[in-house]
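> build me a structure from this.
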Amino acid sequence: MAIRLIAGLGNPGPEYENTRHNAGFLALDIVAQELGARYWKNESGALVAHVKHGDNELLLAKPQAFMNTSGGPLSKLASHYGIAPEELLVIHDDMDLEPGTIRVKVGGGHGGHNGLKSIHAKLQGNAYTRVRVGTGHPPGRKPVTDYVLQAPRGEELEEFEHAVALAADATLCILEHGATKAMNTYN
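The predicted model follows:
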């Protein structure tokens, strides 16, 4: 089944723009540029761009609810456009992956990620494709929230930007060749 909706997860607002938690927004911006998106509009609680991919219309979405409630806007979009969970691709940060790495996955659990928990609950399933952007775990006893809502610096920033670019490339690969090819190439 072809992907019809690509969602990048993050938090709205300038204070979160370049944080680890906004890896999904950042990767989706690269994908949007590659696909020629020129206009974003508010729709169903998300910033949405409509682009053509081959003969198909593709929706790009950045939910404007905070990360923990991302499922609401995505389920509204999916319902409005008749998009099945299998036609959804979600790009998100993942602390269980090393910084600078990505993984492509179809289905599975939410791994404690609050954005994915929300999507699972609202879509009542997990059959969507994910592109996971590695951020690593916080150092020492630093609280997780502080870590993911902070912009990486120095070498960490280079790794983060590399992973975001890889996530965009993997997303484009999924659109062109399917998830299996992307998993074989990027995992």
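> for Thr171, helix, strand, or coil?
Assigned by DSSP: H, G, I helix; E, B strand; the rest coil, the conformation of Thr171 is helix.
> residues near it, how many?
Using other C-beta atoms under 10 Å, Thr171 is surrounded by 28 other residues. C-beta: built from backbone N, CA, C; applies to glycine.
> next up, the contacts around it.
Shown in contact with Thr171 (C-beta atoms under 8 Å, 6 or more residues apart in numbering): Ile6, Ala27, Leu28, Val31, Leu89, Ile91, Val131.
> what packs against the helix or strand bottoming out on mean pLDDT in the chain?
Lowest by mean pLDDT, DSSP states H and E among the helices and strands of the chain is helix 144-148, with a mean of 88. Of the remaining helices and strands, none touches helix 144-148 by 3 or more C-beta pairs under 8 Å, 6 or more residues apart in numbering; DSSP states H and E.
> so how far is it from its chain's centroid?
With C-alpha atoms, centre = their mean, to the nearest Å as the basis, helix 144-148 stands 18 Å off its chain's centre.
> how many residues are close by the residue nearest to Thr135 when sequence neighbours are not counted?
Excluding the flanking residues, the one nearest Thr135 by C-beta to C-beta, 6 or more residues apart in numbering is Arg20, at 4.4 Å. Arg20 has 26 neighbours, counted by other C-beta under 10 Å.
> before we move on, what about the one 4 residues further on?
The criterion is other C-beta under 10 Å. On that basis, Gly24 has 28 neighbouring residues.
> surely it touches His92?
Yes: with contact defined as C-beta atoms under 8 Å, Gly24 counts as touching His92 (4.7 Å).
> which residues are in contact with both of the two?
Gly8, Leu9, Val133.
> hmm, back to that, mind exporting the C-alpha coordinates of the least confident helix or strand of the chain to CSV?
C-alpha atoms of helix 144-148 as CSV (Å, rounded to 0.1, in the frame of the first residue of the first chain):
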residue,chain,number,x,y,z
VAL,A,144,14.9,13.1,29.7
THR,A,145,12.6,16.1,29.2
ASP,A,146,15.5,18.6,29.5
TYR,A,147,17.6,16.5,27.1
VAL,A,148,15.0,16.1,24.3
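> mind listing residues that contact that helix?
Residues outside helix 144-148 that contact it (C-beta under 8 Å, 6+ apart): Thr19, Arg20, His21, Asp93, Met95, Thr135, His137, Pro138.
> 7 Å instead?
Here helix 144-148 makes contact (C-beta atoms under 7 Å, 6 or more residues apart in numbering) with Thr19, Arg20, His21, Asp93, Thr135, Pro138.
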